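> Provide a 3D model corresponding to the input given below.
(one chain, ligands or ions: 1)
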Amino acid sequence: FEIEYHDAIPSTNARARELAGEGATDVVVLADEQTGGRGRLDRTWHSPSGGIWLSVLFRPDVPMAGTPVFTLAAAVAVTRAAREAGVEAVIKWPNDVLVEVDGEERKLVGILTEMEGEADRVSWVVVGIGINANVDPDDLPSEADAMSLSAIRGEPVDRRRFTQRVLETFDTVGTDPEAILDEWREYASTLGREVRIDTPDGEVVGEAVDIEYPGSLVVDTGEERVTVAAGDCDHLR
Ligand code: BTN
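You can find the predicted model right below:
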């Protein structure tokens with residue numbers, strides 16, 4: 001990957017999309033600070049200096065329906081790097097990277113994947129990853145359940161090394177998606193738990209028993225096994 005670095009930029013995802021429109025590929029846009037960071041559901045994403053705000057642009061040979069695995073890969077990559085840095089992060093389906101502080105689950109990372117193309121083959125994918133790395137707790141949004149790596153460790157992480165470790169995963173995701181799923185299972189806090197998932201087709205309640213390619217959760221409702229492709233997930237216990 002070629003890296004394009006910015007001290008400050010409105011949004012690395014917006015910049016990566018712009019590059020995609022110009023025909024680029026295999027580019028990482030990285031910024032110390034975002035002035036207009038965007039989250040899912042059109043929310044703003046608070047991105048002060050000290051975090052790791054990055055977007056990976058690539059053109060994988062997969063259908064639209066296969067893209068959730070890239071979002072899982074991002075969650076796996078960051079969780080692995082966080083654990084190497086001494087922070088016991090876990091993944092909540094599909095891609096929340098959390099850490100438990102005083103019995104509460106707090107969010108370390110946000111992931112926003114965008115793509116364009118045809119149903120049978122994407123043209124490009126942008127995986128945007130926002131990591132609360134060396135962010136002072138006073139700079140975290142107070143209304144959100146956010147937490148930073150440095151606040152937990154009591155010292156900063158090496159952002160350059162952390163970013164490199166995260167990007168290494170994107171070299172293998174295209175070739176070995178099953179390995180991503182296996183590592184996801186290892187880090188998941190959702191598997192084995194009672195969950196309630198709000199899906200476009202209604203609510204699914206039961207025990208989360210597995211994840212399936214390209215990222216669907218398998219839920220045992222007691223009567224049947226349901227495969228849920230997308231939805232908002234709550235851990236019941
Ligand atoms: C979420 O809502 O949880 C997803 C947040 C994604 C934030 C990252 S930071 C880097 C990239 N650029 C953006 O504007 N958003 C993503």
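
> Tell me where this structure has helices.
12-21, 68-84, 149-153, 159-172, 177-187 (DSSP state H).

> what's the closest of these to the ligand?
The ligand sits nearest to helix 12-21 of all these, at 3.8 Å, using C-beta to the nearest ligand atom. (C-beta placed from N, C-alpha, C; glycine too.)

> Please name every helix or strand in contact with the closest one.
Applying 3 or more C-beta pairs under 8 Å, 6 or more residues apart in numbering; DSSP states H and E, one finds that helix 12-21 contacts strand 2-9, strand 27-34, strand 52-58, strand 104-118, strand 121-131.

> could you give me the average pLDDT of it?
Per-residue pLDDT over helix 12-21 has a mean of 98.

> sorry, back to before: the helices of the chain into TSV, with extra columns for mean neighbour count and distance to the ligand?
Output for those, formatted as TSV (neighbours: other C-beta atoms under 10 Å; distance: least, C-beta to the nearest ligand atom, whole Å):
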stretch	mean neighbour count	distance to the ligand
helix 12-21	20	4
helix 68-84	23	10
helix 149-153	21	15
helix 159-172	16	12
helix 177-187	17	17
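
> is it true that Val78 touches Asn95?
No - the criterion here is C-beta atoms under 8 Å, and Val78 misses it with Asn95 at 9.4 Å.

> follow-up on the earlier one: Asp176: which of the helices and strands packed on helix 12-21 is closest?
Minimum separation from Asp176 across those (C-beta to C-beta) falls at strand 52-58, 15.4 Å.

> Just checking: what are the partner strands of that closest one?
Within its sheet, and counting by DSSP bridges, strand 52-58 is paired with strand 27-34 (antiparallel), strand 121-131 (antiparallel).

> Give me the domain ranges for this protein.
Using automatic domain parsing, the domain ranges for the chain come out as 2-187, 194-235.

> what about this structure, any weak spots by pLDDT?
Residues of the chain meeting the criterion pLDDT under 70: 143, 174.
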